[in-house]
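Visitor: Got a sequence here, can you build the structure:
(one chain, ligands or ions: 1)
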Amino acid sequence: MKRTSNGVKIMNYKLLIKNITVFVGENFKRLDDVDILIENDSIKKIGKNLKAAQAKIFDGRDFFVTPGFINAHFHPGQQINRGLCLGLNQDEEMDFLHATEKIKDSEMSYWLSAVAILEGLKSGTTCFQSVGSEIELQARLYNQFKIRAICVLMPKDIVATDKKITVRARTWETEERLRRAEEMRQKYHNDLVRVHFGVTNVRYASDKLILGMQALAEKYDTYFHMHAAEGKLYVKKVLERTGDRPIEHLHKIGALNHRISLAHMTQLTTKEISYVAKSHSHVIHCPRSNSYLGVGVCPVYDLLKAGVNVALGTDAAINNNSNEVRSEASAAFHKISDQTGNPAAINYLDLFKMLTVSGAKAVGLDKQIGAIKKGKRADLVLWSKNDFPFIPGHNYLADLIFNDSCRAHTIFINGVKVLANYKFLTINEQEVKTAAKRLSKKYYQLVNQKISRHT
Ligand SMILES: [Zn+2]
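Guide: Numbers count the residues shown, from 1 in each chain. Next up, the predicted model:
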């Protein structure tokens with residue numbers, strides 16, 4: 001008896017996908033009418049006319065297969081606030097979010113987070129870097145659904161004394177949070193659902209917390225994640241507190257390195273871009289969230305030119321309305337094309353790389369996921385060539401980036417089929433929807449009774 005790395009008991013599970021169109025390797029070379037052999041959790045072989053005794057057969061003639069997408073910055077816990085903060089700036093939105101935290105209970109967080117995750121999964125995301133303060137709950141959901149994730153606790157230890165108490169974020173004692181993060185790693189980390197380290201941002205996290213979490217990342221040979229340089233006010237506040245701009249400050253305290261990924265990064269100087277590039281830090285671009293909050297534009301073109309690894313994230317439904325990382329790629333393209341006035345400044349393959357290979361690299365999982373290759377984990381998304389977005393289908397990868405309404409037909413994560421014929425196999429979708437709708441109604445009534453949008 002064997003087990004897949006996510007704990008599912010199997011007896012030498014073999015699946016042979018026959019005659020499919022596949023985009024292989026880090027450069028997504030298209031191969032038609034080939035076979036893929038999956039053994040347990042990994043890709044064993046890719047080639048023509050493969051044979052495997054006792055393998056289940058999947059007829060792939062009507063499909064093309066890509067690596068699953070990686071949403072490298074995702075707050076499922078904010079799903080419940082979707083549509084409630086339109087037109088608010090970053091600080092107003094954060095005030096609302098902190099005020100409503102007292103209303104939201106764990107049942108609401110659980111079922112609404114499930115909606116956000118499932119929405120992302122249906123659009124082809126197979127790995128989520130999932131952040132926030134409810135890591136136990138998130139880890140439970142991903143384990144239950146058999147979905148790959150990296151859960152990151154993002155604490156604050158600096159009190160926002162400039163804010164009214166009703167809208168102040170919760171803060172913790174530094175040592176307590178470091179202990180808690182390590183405890184969570186020991187308790188919840190496994191091969192499928194990983195626990196990495198992080199802090200919220202330089203505005204609300206002390207150097208001691210940042211460096212303490214980074215020491216834990218080093219100790220467990222894993223990665224670290226945080227928000228950074230998001231908006232002019234954020235930069236101003238960091239300047240007031242530290243005397244430095246956020247990335248300058250991280251550079252100065254020795255926090256920039258290959259283990260760190262930084263979300264947003266809309267306020268960067270040329271010098272700061274060079275610090276990021278030289279330290280091999282990763283950037284998580286969240287184009288739609290940045291527009292939603294008006295925090296500026298991440299200089300992706302300059303970062304890529306400087307050799308920085310850039311991946312994509314949806315951020316939170318509260319400031320995006322969408323959990324589909326696939327569509328972040330087209331948003332990234334539109335911004336770069338508008339900024340440079342050059343439609344060839346970035347091409348669809350660069351964008352597809354940001355969704356897959358670069359995402360895997362940013363979370364330290366590039367040896368396992370991000371590309372279809374012998375030996376990599378079988379995190380595969382099968383798309384039906386009969387679906388409207390793929391007709392005429394001259395360029396499937398560009399279709400995936402630029403066409404709305406692309407829906408995954410079948411998904412494997414770690415070799416386990418989690419979606420087939422557009423339906424979840426590991427999850428009762430209707431149960432999730434029913435509970436989420438009931439709790440959202442209750443929550444909305446409470447918000448209207450107790451909170452103003454401009455708190
Ligand atoms: Zn965020």
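
Visitor: And the strands in the stretch 151-300 of the chain, which stretches?
Guide: Taking DSSP state E, counting those that start in this stretch as the test, the strands found in the stretch 151-300 of the chain are 193-198, 224-228, 260-264, 282-285.

Visitor: What's the local residue count around the closest residue to residue 178 other than its chain neighbours?
Guide: Sequence neighbours aside, residue 212 is the residue nearest to residue 178 in space, at 4.6 Å (criterion: C-beta to C-beta, 6 or more residues apart in numbering). Where C-beta positions appear, they are placed from N, C-alpha and C, glycine not excepted. Applying other C-beta atoms under 10 Å, we find 22 residues neighbouring residue 212.

Visitor: from memory residue 212 sits against residue 174, does it?
Guide: Yes - if you go by C-beta atoms under 8 Å, residue 212 and residue 174 touch, sitting 6.8 Å apart.

Visitor: if we can go back for a sec, could you dump the strands of the stretch 151-300 of the chain into JSON lines and include distance to residue 407, mean pLDDT and mean neighbour count?
Guide: Putting the strands of the stretch 151-300 of the chain into JSON lines (distance: least, C-beta to C-beta, whole Å; pLDDT from 0 to 100; neighbours: other C-beta atoms under 10 Å) gives the following:
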{"stretch": "strand 193-198", "distance to residue 407": "25", "mean pLDDT": "98", "mean neighbour count": "26"}
{"stretch": "strand 224-228", "distance to residue 407": "29", "mean pLDDT": "98", "mean neighbour count": "27"}
{"stretch": "strand 260-264", "distance to residue 407": "27", "mean pLDDT": "98", "mean neighbour count": "28"}
{"stretch": "strand 282-285", "distance to residue 407": "24", "mean pLDDT": "98", "mean neighbour count": "29"}
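
Visitor: Adding distance to residue 18, write those out as TSV.
Guide: Converted to TSV, these look like this (distance: least, C-beta to C-beta, whole Å):
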stretch	distance to residue 18
strand 193-198	31
strand 224-228	39
strand 260-264	38
strand 282-285	37
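
Visitor: out of those, nearest to residue 445?
Guide: With C-beta to C-beta as the criterion, residue 445 lies closest to strand 224-228 of the strands of the stretch 151-300 of the chain, at 31.0 Å.

Visitor: quick one: strands adjacent to that closest one?
Guide: Next to strand 224-228 in the sheet, as set by DSSP bridges, lie strand 193-198 (parallel), strand 260-264 (parallel).

Visitor: what's stretch 204-211 in contact with?
Guide: Applying C-beta atoms under 8 Å, 6 or more residues apart in numbering, the external contacts of stretch 204-211 come out as 155-158, 160, 169, 171, 174, 177-178, 199, 202, 226, 250, 253-255.

Visitor: typed the wrong thing, it's stretch 38-51
Guide: With C-beta under 8 Å, 6+ apart, stretch 38-51 has contacts from 2, 4-6, 10, 12-17, 22, 24, 31, 33-37, 372-378, 380, 412, 414-416.

Visitor: Neighbouring strands - and their directions - for the strand or helix carrying residue 31?
Guide: For residue 31, the host element (DSSP states H and E) is strand 29-39. Sheet pairing for strand 29-39, assigned by DSSP bridges, gives strand 14-24 (antiparallel), strand 42-47 (antiparallel).

Visitor: So which of those strands is the most surrounded?
Guide: The highest average neighbour count among the strands paired with strand 29-39, using mean count of other C-beta atoms under 10 Å, belongs to strand 14-24 at a mean of 21.

Visitor: could you give the mean pLDDT of that one?
Guide: On average, the pLDDT along strand 14-24 is 98.

Visitor: How far does that strand sit from its chain's centre?
Guide: 26 Å (C-alpha atoms, centre = their mean, to the nearest Å).

Visitor: For the residue positioned nearest the centre of the chain, give its distance to residue 402.
Guide: Nearest residue to the geometric centre of the chain (C-alpha atoms, centre = their mean): residue 71, 2.4 Å. Distance, residue 71 to residue 402, by C-beta to C-beta, to the nearest Å: 18 Å.

Visitor: same check, this time on residue 318
Guide: Counting by C-beta to C-beta - residue 318 and residue 402 are separated by 26 Å.

Visitor: Look at these two and report which has more neighbours.
Guide: The neighbour count for residue 318 versus residue 402, taken as other C-beta under 10 Å, is higher for residue 318 (26 against 18).

Visitor: tell me the secondary structure for the more buried one?
Guide: Secondary structure state of residue 318, per DSSP: H, G, I helix; E, B strand; the rest coil, is helix.

Visitor: Distance check, it against residue 77.
Guide: In terms of C-beta to C-beta, residue 318 sits 9 Å off from residue 77.

Visitor: any common contacting residues for these two?
Guide: With C-beta under 8 Å, 6+ apart as the test, residue 318 and residue 77 reach no residue in common.

Visitor: Strands along the stretch 301-450 of the chain, start to end?
Guide: 309-312, 315-316, 380-384, 410-413, 416-420, 423-424.

Visitor: Let me know which of the ones you listed is the nearest to residue 230.
Guide: strand 315-316 (9.5 Å).

Visitor: What are the contacting residues of that closest one?
Guide: With contact meaning C-beta under 8 Å, 6+ apart, strand 315-316 is reached by 73, 74, 75, 77, 78, 79, 81, 263, 264, 286, 288, 289.
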